[in-house]
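Chemist: Curious how this folds, go ahead:
(2 chains)
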Amino acid sequence: MATAVAARPAGSFAARSDAHPHRRQAVGILVFLVLVCVAWEAVKWLAGDPWRVDNQLLGIPVRFEHHPPLDWRIASDLSLPHLWTILGAFGEISASTGQPLAIVLLESAVYTLRTAAIGFAVGVALGLALGIVFVHSRLLERALVPWVVASQTVPIIAIAPVVVIAFGASWQSVALIATYLTFFPVTVAMIRGLRAFDPRAGELMRSYAASTRHVLWKLRLPASVPYLFSALRIAAAGSIVGTIIGELPSGIPFGLGSKILAFNQYYTTSPARLWATILATVLAGLVFVGLVRLAEVVLTRGRYRSVEE
Amino acid sequence: MTTTDATMDPPAVRISGVSKTFGSGPGAVAALEAVDLSILPGELVSLIGPSGCGKSTLLRIVGDLTSASAGEVLVNGKPSERARLDRDYGMVFQAPVLMDWRTVARNVELPLEVMGFGRAERTERSRRLLSLVELQDFGGKYPWQLSGGMQQRAAIARALAFDPKLLLMDEPFGALDEMTRERMNLELMKIWSQTATTIIFVTHSIPEAVFLSSRVVVMSPRPGRIARVIEIDLPQPRAFETRELPRYFELVTEVREALRGRDGDLPAGPDDAGPARLRVEGLG
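Modeler: Predicted structure coming up:
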């Protein structure tokens, strides 16, 4: 048929628009990172503490002194350490383990990520289940959704010690706190996503006399996938925050939470170590969100239009 | 076709005294008023009329996608709800409504999966129907990789996959360009002659209605009712040359004059969906 020709440009167009945005996005992220670093050091240059270099570089003595014209507390070495001081902190040897901080933080991040992943999985399952229940029962939706929303107005920092005392100071309790932050975005997204199918597709299913189960599996769930993945990215980040907050009162000495607690206490003597831990936490979150994004791309490539929320 | 011997059979569709009112009180809109129509097995009946004449609403009532305010629809002697539960209906809308996440072949198989056909049977049927609509080489593609006309052909294959007794088509070619539309008309005639399905066909296009139909039902608006039923006595099978017959032009003129009928307003826009189109009943 003559119309068959139309399929080819459509395919090649999609392939082209697939390759470019990813490269552009990577460049955008890098440019932003560089801008943040430049801004950070610019503030230090303008209003930070005075500093000097008195060293040798390849045998040539380097001597340099800088006295910033302004003096802001926010730019002091205590509030805002130099980037090279923070990067240097990764190499500092920890007194307790004899390992560089980078290794300590990596091990802590893996431990925290593992707990977060379990909390995430449970939270996603719970969110999916609640979403499915709510779109099938207006009564339960009206009765319970306000409670689901209310659950998120309770500060998690207040709940965490209660959970740890009630269920014991174990990683399971910590994962439960991560679940608490994870299920909510998934529930909300599923309530929308499970209703986001084309109403005419619903009429088609009705004309097939499809059962509720068939409508769920063959229409509602597949149509909700773009909504689900948007929520999963939020939930992945949330599960890390939940895990760290859960680790604080648990006394578990392995995760990023324990490191944050420890370096908080030594902040006045070495602020860079806390900043290094913050950086490690952000990286752990990015890794998790990145994995979710990767799963999304692999599972939905070419089949779904993305939902921008 | 079967028009002569079909007169012996009971009607495939009997619509008696069907009315439909949207809303209530002073704001109520009468979409249909006391519509009577019988359709014989194997007939292709077009519903044509200006926006707001209730032709889509009538189709939706027959297909049990919405309920009549009064009156009765019998499909093969059964109430329309029973017929829907017995899977007597194939539906084709103006948009193809293919599932983005399924390949074309798997889209055709969707009703078969819902109706519990086995895997081998599903594959066999989707292959057969895709070649019927000349998409045999596109079963593995996703819908967005197909042109609009090809997507609509896939939708027709899907509607025919489970051998429905009655095919309900709501402006199926309304979104296509004129050339594609004429080709689709020819293809529909080919499919119709091969499957002998009863078809109710809603359209805005006079040439399309005359070309395809055994009978054209001309409807008038406010409230929607049947103005005239015109027998289309063009020879079967309909082919490319049918559109050049003098009788074809006479019938086109006859339908046009019937449409002008009372208040002389011709279709203003492509949409007479009415408030019911967005409602999905029974799915929450």
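
Chemist: End to end on stretch B:84-99, go ahead and measure it.
Modeler: Start-to-end span of stretch B:84-99 (CA to CA, to the nearest Å) is 21 Å.

Chemist: Skipping adjacent residues, who's closest to residue A:152 in space?
Modeler: Distances taken as CB to CB, 6 or more residues apart in numbering or on different chains put residue A:184 closest to residue A:152, at 5.1 Å, once the chain neighbours are dropped. C-betas here are computed from N, CA, C, even on glycine.

Chemist: ok, now residue B:109?
Modeler: Counting by CB to CB, 6+ apart, residue B:109 lies nearest to residue B:122, which is 4.5 Å off, once chain neighbours are set aside.

Chemist: what number of residues lie near whichever residue of the stretch 101-250 of chain B sits closest to chain A?
Modeler: Chain A sits closest to residue B:147 of the stretch 101-250 of chain B, with a gap of 3.8 Å, by CB to the nearest CB. For residue B:147, the count of nearby residues is 18 (other CB atoms under 10 Å in any protein chain shown).

Chemist: tell me the contacts of the residue most central in space within chain A?
Modeler: Centroid-nearest residue in chain A, with CA atoms, centre = their mean: residue A:237, separated by 2.4 Å. For residue A:237, the contacting residues are A:285, A:288, A:289, by CB atoms under 8 Å, 6 or more residues apart in numbering or on different chains.

Chemist: what about 7 Å?
Modeler: The contact partners of residue A:237, by CB atoms under 7 Å, 6 or more residues apart in numbering or on different chains, come to A:285, A:289.

Chemist: Please, which helix or strand holds it?
Modeler: Using DSSP states H and E, residue A:237 sits within helix A:221-250.

Chemist: So which residues of the stretch 51-200 of chain A form helices?
Modeler: For the stretch 51-200 of chain A, the helices defined by DSSP state H, counting those that start in this stretch cover A:83-89, A:101-136, A:138-151, A:156-167, A:171-193, A:199-207.

Chemist: Packing partners of the longest one?
Modeler: In this case it means helix A:101-136. If you count contacts as 3 or more CB pairs under 7 Å, 6 or more residues apart in numbering or on different chains; DSSP states H and E, helix A:101-136 packs onto helix A:138-151, helix A:171-193, helix A:221-250, helix A:256-265, helix A:271-300.

Chemist: Please name whichever of these is nearest to residue A:56.
Modeler: Nearest to residue A:56, of all those, is helix A:271-300, at 23.6 Å by CB to CB.

Chemist: How far off centre is the closest one?
Modeler: Relative to the chain's own centre, helix A:271-300 is displaced by 6 Å; criterion: CA atoms, centre = their mean, to the nearest Å.

Chemist: near chain B, which residues of the stretch 101-250 of chain A?
Modeler: A:135-136, A:138, A:198-204, A:206-210, A:214-215, A:218, A:222 (CB under 7 Å from any CB of the partner chain).

Chemist: residues contacting residue B:80?
Modeler: Applying CB under 7 Å, 6+ apart to residue B:80 gives the contacts B:62, B:64, B:73.

Chemist: Residue A:70: neighbouring residues, count only.
Modeler: For residue A:70, the number of neighbouring residues by other CB under 10 Å comes to 10.

Chemist: Against residue A:48, how distant is it?
Modeler: Counting by CB to CB, to the nearest Å, the gap from residue A:70 to residue A:48 is 9 Å.

Chemist: cool, and residue B:230?
Modeler: 89 Å.

Chemist: who's in contact with the closest residue to residue A:108 other than its chain neighbours?
Modeler: For residue A:108, ignoring the flanking residues on the chain, the nearest one in space by CB to CB, 6+ apart is residue A:256 at 4.8 Å. Contacts for residue A:256 (CB under 7 Å, 6+ apart) come out as A:108, A:109, A:112, A:244, A:277, A:280, A:281, A:284.

Chemist: Try it again at 6 Å.
Modeler: Taking CB atoms under 6 Å, 6 or more residues apart in numbering or on different chains, we find residue A:256 in contact with A:108, A:109, A:112, A:244, A:281.

Chemist: And for residue B:28?
Modeler: Applying CB under 6 Å, 6+ apart, we find residue B:28 in contact with residue B:21.

Chemist: who wins for most neighbours among the contacts of residue A:256?
Modeler: When the contacts of residue A:256 are compared by neighbour count (other CB under 10 Å), residue A:112 ends up highest, at 31 neighbours.

Chemist: Assumed residue B:50 was part of a strand.
Modeler: No. Counting by DSSP: H, G, I helix; E, B strand; the rest coil, residue B:50 is located in no strand; its state is coil.

Chemist: The stretch 51-200 of chain B against chain A: which residues are in contact?
Modeler: B:65, B:84-85, B:87, B:89, B:91, B:93, B:97, B:100-101, B:111, B:114, B:134, B:145-147, B:149-150 (CB under 6 Å from any CB of the partner chain).

Chemist: Mind giving me the PyMOL select for those residues, buried ones only?
Modeler: The buried residues among those can be selected in PyMOL (16 or more other CB atoms under 10 Å in any protein chain shown) with this line:
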select buried, chain B and resi 65+84+87+89+91+93+97+100+101+111+114+134+145+146+147+149+150
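
Chemist: quick revisit: quick check, pLDDT for the residue nearest to residue A:108.
Modeler: Predicted confidence (pLDDT) for residue A:256: 92.

Chemist: if we can go back for a sec, residues near the residue nearest to residue A:152, how many?
Modeler: Quick note: residue A:184 (other CB under 10 Å) scores 22 neighbours.

Chemist: Isn't it up against residue A:151?
Modeler: No. Applying CB atoms under 6 Å as the test, residue A:184 and residue A:151 come out as separate, 7.0 Å apart.

Chemist: which of the residues in stretch B:186-203 are buried?
Modeler: B:186-192, B:195, B:197-203.

Chemist: Would you mind writing the CA trace of that stretch as PDB?
Modeler: Extracted in PDB, the C-alpha atoms of stretch B:186-203 (Å, rounded to 0.1, in the frame of the first residue of the first chain):
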ATOM      1  CA  LEU B 186     -13.600   0.400  -1.100                       C
ATOM      2  CA  GLU B 187     -11.800  -1.700   1.500                       C
ATOM      3  CA  LEU B 188     -14.800  -1.700   3.800                       C
ATOM      4  CA  MET B 189     -17.000  -2.900   0.900                       C
ATOM      5  CA  LYS B 190     -14.500  -5.700   0.300                       C
ATOM      6  CA  ILE B 191     -14.500  -6.700   4.000                       C
ATOM      7  CA  TRP B 192     -18.300  -6.400   4.200                       C
ATOM      8  CA  SER B 193     -18.800  -8.700   1.200                       C
ATOM      9  CA  GLN B 194     -16.300 -11.200   2.700                       C
ATOM     10  CA  THR B 195     -17.800 -11.300   6.200                       C
ATOM     11  CA  ALA B 196     -21.500 -10.600   5.600                       C
ATOM     12  CA  THR B 197     -21.600  -8.600   8.900                       C
ATOM     13  CA  THR B 198     -24.400  -6.300   9.700                       C
ATOM     14  CA  ILE B 199     -23.100  -2.800   9.900                       C
ATOM     15  CA  ILE B 200     -24.400   0.500  11.300                       C
ATOM     16  CA  PHE B 201     -22.400   3.300  10.000                       C
ATOM     17  CA  VAL B 202     -22.500   6.900  11.300                       C
ATOM     18  CA  THR B 203     -21.200   9.500   8.900                       C
END
